[in-house]
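Asker: generate coordinates for the sequence data below:
(chains A and B)
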Amino acid sequence: MSKTHYLLFMLLTMSMTYSACSSDEECCDPEIIESPSFDREAMLKDWADDIVIPSFENYSEALGVLKSANETFISAPTIANLESLRSRYIEAYASWQSVSLFDIGKAESIALRNFSNIYPTSIDKITSNITAGGYNLELPSNFVAQGFPALDYLMYGMADDDEEIVEIYNDAKYATYLTEVINRLDALANEVLADWKGSYREDFIANQASSATGSIDKLVNDAIFYYEKFLRAGKIGIPAGVFSGNTISDAVEAPYSGIYSKQLFDEGLNSFQDFFNGKSLSRSDIKSLRHYLDAVDAQKDGVMLSQLINNQIDKARTKSNELDDNLKQQVVGDNAKMLETYDELQKVVVLLKVDMLQALNIKVDFVDADGD
Amino acid sequence: MNHKILPLLLLITVSFLIVSCEKDEQPAIVDPNPEVVAPDGYSFSRDGNSTVSFSGQTTRIGMATELVFAMSDFSSAKSQLIEMYANQTADGADANPFENEVYNESSKSVKSKVAASQDFFSSNTSESAVIKADFESWISAQVNEVFPAENKIANPGTAGQVADGSSVRYVNAQGLEYNQAVNKGLIGALMLDQIVNNYLSPAVLDASENIIENDNGTVADGKSYTTMEHKWDEAYGYLFGFSNTPEDPISSIGSEDNFLNKYLGRVEDDPDFAGIAVKIYDAFLLGRAAIVGQDYDLRDKQAEIIKQELSKVIAIRAVYYLQQGKNGIPADGDMNAYGSAFHDLSEGFGFVYSLRFTHDTNANQSYFSSEEVTAMINDLTVGNGFWDVTPEKLDELSETIAAKFDFTVAQAGE
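Answerer: Next up, the predicted model:
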């Protein structure tokens, strides 16, 4: 037989086997086929150079702009300057959503996310820090008194109307605190960016081992952890009362400005899906997890797993588009829609945590323990 | 048979009956132990009044709850915390340290029942005093060592705060959270000890005239229960007393207090041990019914089940936290990443301490002697304590504990 005939015969046999088996659940669990054609090193390079570093560069730039808008506001507290400051703030907050996922390397070791976006923020802690002075923002006990959630309160929540808010920042104590929170966000972001552009990029790409400490294993775990805890639970599930039995409308992201909470969720969901699909600001052909899954022929119930994941994320997005721009009002007004969105988000978790990890032969490295 | 014999036999039988009826006060056929049947729920009464009462136990659970909570409040004064523990001032006068006025008015205290069981400490008051003092030392140390370090970052040899995910833990120089030591330590020294070494002990259940009184239905002064019934219920109260539905505590197991109820619920949630909560509850229920039915053998068999299974709960949680702590030790030694391990190891510390109060029904003493427990505690806290403890040591301690029971480290560890 010629090679072609042989190959065709093989394909025929395989497809006959497949179709004969396809109604029999037992035989068609995705087998782990290491595909020689998938370049793991290239994926790590593309991740570093085309997704992570550009995202941190954009984020750092947005913070730089926020810093100077703050200097303007502090030197002349007016409503116009407050509005400029607020615009820069929400741009930076939106940009944050594209880096939050990458809790690896320097970001992990300096606890970037804890210092940038733990919410709800603590009004008590912020107030006592400002009035007593002598605070140390590097302490874990001050996670809840800094970062974007603190800025949301400082710019929108300190008083009932903008004139009163502006008035407060004539007081040096308040001006100083606002400035320090912004400057610290900027300093931490720059520290992480410098590390990526310095030695970490090489370390990250070189660490191609298929093990819990390998870069791919770690970043995939980071992505799933981000999705489960910060996107699904943090932005939707916790405020909707999924874990507590009672809704907690104040637990939404950016509750004081209110109108940005849905936007921030959108940014987060988009960032996650773009990372999965290998889409960046400059390229849409990065070989990322979707391609990796396709290369190992990961399927579930006869459908490509990557397709299932994208379909379900799209479903969750469609459902979330029924939500009000102000998620706090959504919780109070019609929480059922929050729960429906949560349910669609939840369906992705199984596909990621069970099917995707199994297909890529990666072990989950975090425990969803209830703690105590 | 000859048909003439039958009437004679009949006559003889009837005459026996008559004779026996005349001579005996009781009916001729008596079953001293009619089969005891447990009721549907933990609900017992006499003449229409409930005989179930465990207010002393719920009071102490409540006091312990407030104490542990206050230990995390940096504005608490040491004197107030010690008063919550002892429910009296340093010179023995009446104190009102609690938020709950009922506790302030009570004459009961946590301290008086710490290491106070009949079986283990009635003739061992010296060890009891050491244990009572341990709790006091942890409470004092919280104020002396940890409160002043509120705004310091913890380091080996320096008390302070550490991040545990997005939470904050406040630890001593060895990485131990004193509030966890008190919380989990009281589970053994107060709740477990009082149940398995005191209230379920024949020495308490059958003390003085309890059996005769229970046989005759003679109630305690001014109450509707016999003393024996009450002792059993007091054991029940330390486990299920805080439940919203104490007659049906299984429906809400695990969420009713921060002590034994909670951790029985956690063990129940582990598929390796599912069914343990019902097993213990059923034993409490049947044992209590046995008391009403005056079947003391049956009662004691149920007591054995409870002692064994509750002791096992403590051991399972000790291994669980040691293993979780081990898993949490940062692989790269990042000083800022120990918080999660410290939190688990602090809980493990308390449960290891509680092993002293377990009850091995085969040997009629605790599974671990006070020397053995002290050795394990020392292994955890020597030098810089949790900063230094190795995964190997934590595995060794886990194996030592599990070896005395019928479960494996793997089963309990996750």
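
Asker: run a quick neighbour tally on the residue of the stretch 1-150 of chain B found nearest chain A.
Answerer: Closest contact between the stretch 1-150 of chain B and chain A, by Cβ to the nearest Cβ, is at B:Glu150 (7.5 Å). C-beta coordinates here come from the backbone N, C-alpha and C atoms, glycine included. Neighbourhood size, B:Glu150 [other Cβ atoms under 10 Å in any protein chain shown]: 14.

Asker: residues of chain A that sit close to chain B?
Answerer: Proximity of chain A to chain B, by Cβ under 8 Å from any Cβ of the partner chain, involves residues A:109, A:111, A:114, A:118, A:136, A:138-141, A:143, A:213, A:367, A:369, A:371-372.

Asker: surely the residue of the stretch 1-150 of chain B closest to chain A meets B:Gln161?
Answerer: Yes: using Cβ atoms under 8 Å, B:Glu150 is in contact with B:Gln161, at 7.1 Å.

Asker: circling back: of all the residues of chain A next to chain B, which two lie farthest apart?
Answerer: Using Cβ to Cβ, the residues of chain A next to chain B span at most 32.0 Å, a distance reached by A:Asn136 and A:Thr213.

Asker: contacting residues around the residue nearest to B:Ser166 when sequence neighbours are not counted?
Answerer: Leaving aside its chain neighbours, B:Ser166 sits nearest to A:Ile118 (4.9 Å; criterion: Cβ to Cβ, 6 or more residues apart in numbering or on different chains). A:Ile118 makes contact with A:Phe143, A:Val144, A:Gly147, A:Pro149, B:Ser166, according to Cβ atoms under 8 Å, 6 or more residues apart in numbering or on different chains.

Asker: please apply the same query to B:Tyr367.
Answerer: B:Tyr367 sits in contact with B:Ser311, B:Ala315, B:Leu355, B:Thr358, B:His359, B:Asp360, B:Lys404, B:Phe405, where contact means Cβ under 8 Å, 6+ apart.

Asker: and it, how far from A:Phe230?
Answerer: As judged by Cβ to Cβ, to the nearest Å, B:Tyr367 and A:Phe230 stand 43 Å apart.

Asker: same question for B:Ser45.
Answerer: As judged by Cβ to Cβ, B:Ser45 and A:Phe230 stand 54 Å apart.

Asker: between these two, which has more neighbouring residues?
Answerer: Higher neighbour count among B:Ser45 and A:Phe230: A:Phe230, with 19 against 12, using other Cβ under 10 Å.

Asker: angles on the backbone of that one, please.
Answerer: Dihedral angles phi and psi of A:Phe230 (degrees, to the nearest 10) take the values phi -90, psi -30.

Asker: excluding chain neighbours, what is closest to A:Gly147?
Answerer: Nearest residue to A:Gly147, sequence neighbours excluded (Cβ to Cβ, 6+ apart): A:Ser116, at 4.5 Å.

Asker: thinking the one you found is in contact with A:Phe148, fair?
Answerer: Yes: proximity of A:Ser116 to A:Phe148 meets the contact threshold set by Cβ under 8 Å, at 6.4 Å.

Asker: give the helix, strand or coil label for the residue in the stretch 151-300 of chain A that chain B sits nearest to.
Answerer: Closest contact between the stretch 151-300 of chain A and chain B, by Cβ to the nearest Cβ, is at A:Thr213 (7.2 Å). Under DSSP: H, G, I helix; E, B strand; the rest coil, the three-state class of A:Thr213 is coil.

Asker: that one touches A:Lys363, doesn't it?
Answerer: No: with contact defined as Cβ under 8 Å, A:Thr213 does not count as touching A:Lys363 (11.2 Å).

Asker: residues near the residue of chain B found nearest chain A, how many?
Answerer: Nearest residue of chain B to chain A: B:Ala163, at 3.7 Å (Cβ to the nearest Cβ). As a burial measure, B:Ala163 scores 22 neighbours (other Cβ under 10 Å).

Asker: nearest residue to A:Asp186 other than its sequence neighbours?
Answerer: Per Cβ to Cβ, 6+ apart, closest to A:Asp186 is A:Leu63, 4.2 Å.

Asker: could you confirm that neighbour falls within a helix?
Answerer: Yes: assessed by three-state DSSP, A:Leu63 belongs to a helix.
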